[in-house]
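[1] Okay, sequence plus prediction incoming.
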Amino acid sequence: MMPNQPEAHFFRRQFAIKTIAACAICTCATAVFCQNPSVPDGPAAATPKAAAPVISPFSSAGGSVPPAPWRVVGLPGGNKPLTQFDLAPLEGRAVLRVRTDHSYANLVHDLPGALLAPGMKLRWRWRLDQPLPGADLRQRQGDDSPLKVCASFDLPIEQLGLVERNLLRAARLASREKLPSATLCYVWDATLPAGTLLDNAFTHRVRMIVVDGAEQRLGQWVAHAQDLAADFRRAFGNESATLPPLEAVLVGGDSDNTASQSLGYVGDITLTP
């Protein structure tokens, strides 16, 4: 069964895994993902305890290039400009600068098969200096975000519905990648209140939680500590009673649908008990 046009567009548009019928084909590198059994999200999950996966920090890197294994992932075919990711000194510390200009890309850090203990939190801080006019994640023509931090999970494909299962298989075959089956994104969106949970406008396989929006003043750092297991249950609990292994984290920003520009910064991203 071949994907319909909206779903195919998703597979071209969503990430690094950026989940796309080719969203997978990396502009700068090719990812290899490992399949692992699901990990119960309860007392049994803590035995043995899972060590927190290590994410390379931006603050300790030299120069302007994000440290390995961070890598840029753009759309296949290179038919759109890439969002620019570089390191910049800000307030005496190196942080990731995210600049969009009619562009799309993600900065991906692979963590194949990483097991998460209950209560493990994804922590980061970010600030937005220039928002995206016209962005609205509820609509395809406004499906842009100046800043997002995402986690991709290896949800067993057998737990998906028949249509989505076939679409994902077709996308994996087309991209020759093991695309993630469940991606949770924390986004900055000026049109929706914080706490809003919604599906990506193009695919049910990507779900978003708005953590900052219009109520946050521009140019100010905002810190977050999100319980991945709790948020996964909220977003995907109807599909899985267990927390699957983590495949990657990514930072993104895109303005290709709104044909606009944005500027933001992201500090170190960590996973902590």
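    Yep, it's here.
[2] where does this structure have low pLDDT?
    1-50, 76-78, 156-160, 162-163, 165-166, 168-169, 171-179, 181 (pLDDT under 70).
[3] quick one, helices of it?
    Taking DSSP state H, the helices of the chain run over residues 5-13, 162-175, 228-236.
[4] Output the contacting helices and strands for the last one.
    The helices and strands touching helix 228-236, judged by 3 or more Cβ pairs under 8 Å, 6 or more residues apart in numbering; DSSP states H and E, are strand 145-153, strand 182-188, strand 206-212. Heads up, the C-betas are built off the backbone N, CA and C, glycines and all.
[5] Pick the most buried one from those.
    Counting by mean count of other Cβ atoms under 10 Å, strand 145-153 has the highest mean neighbour count of the helices and strands packed on helix 228-236, with a mean of 26.
[6] okay, that strand in PDB with CA atoms only?
    Below are the C-alpha coordinates for strand 145-153, written out as PDB (Å, rounded to 0.1, in the frame of the first residue of the first chain):
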ATOM      1  CA  SER A 145       8.100  26.100  14.400                       C
ATOM      2  CA  PRO A 146      11.100  28.300  15.200                       C
ATOM      3  CA  LEU A 147      12.300  25.900  17.900                       C
ATOM      4  CA  LYS A 148      11.600  22.300  18.800                       C
ATOM      5  CA  VAL A 149      13.300  19.600  20.800                       C
ATOM      6  CA  CYS A 150      12.100  16.100  20.000                       C
ATOM      7  CA  ALA A 151      12.600  12.500  21.100                       C
ATOM      8  CA  SER A 152      12.100   9.600  18.700                       C
ATOM      9  CA  PHE A 153      11.100   6.100  20.000                       C
END
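[7] What separation is there between Asp254 and Arg99?
    Applying Cβ to Cβ, to the nearest Å, the value for Asp254 to Arg99 is 11 Å.
[8] what's the overlap in contacts for the two?
    Thr83 (Cβ atoms under 8 Å, 6 or more residues apart in numbering).
[9] Between these two, point out the one with more neighbours.
    Using other Cβ atoms under 10 Å as the criterion, Asp254 and Arg99 rank with Asp254 on top: 29 against 20.
[10] The more buried one and His102 touch, don't they?
    No: contact criterion Cβ atoms under 8 Å: Asp254 and His102 do not qualify, at 9.5 Å.
[11] What is the neighbour count of Gly219?
    11.
[12] Nearest residue to it in space, please, no chain neighbours.
    Asp129 (5.3 Å; Cβ to Cβ, 6 or more residues apart in numbering).
[13] Now do the one you found against Pro118, distance only.
    36 Å.
[14] Name the residue in those two with the higher neighbour count.
    Pro118 (20 against 14).
[15] Pretty sure that one sits against Ala229.
    Yes: with contact defined as Cβ under 8 Å, Pro118 reaches Ala229; the gap is 5.5 Å.
[16] The residue nearest to Gly219 touches Trp221, doesn't it?
    No: using Cβ under 8 Å, Asp129 makes no contact with Trp221, being 11.0 Å away.
[17] Okay, strands next: where are they in the chain?
    71-73, 84-90, 93-101, 104-114, 121-130, 145-153, 182-188, 197-199, 206-212, 222-227, 246-254, 261-266, 270-272 (DSSP state E).
[18] For those strands, please prepare CSV with the additional fields distance to Asp136.
    Output for the strands of the chain, formatted as CSV (distance: least, Cβ to Cβ, whole Å):
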stretch, distance to Asp136
strand 71-73, 24
strand 84-90, 23
strand 93-101, 16
strand 104-114, 17
strand 121-130, 16
strand 145-153, 10
strand 182-188, 12
strand 197-199, 11
strand 206-212, 12
strand 222-227, 21
strand 246-254, 13
strand 261-266, 14
strand 270-272, 31
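[19] Ser60: which of those strands is closest?
    strand 93-101 (7.7 Å; Cβ to Cβ).
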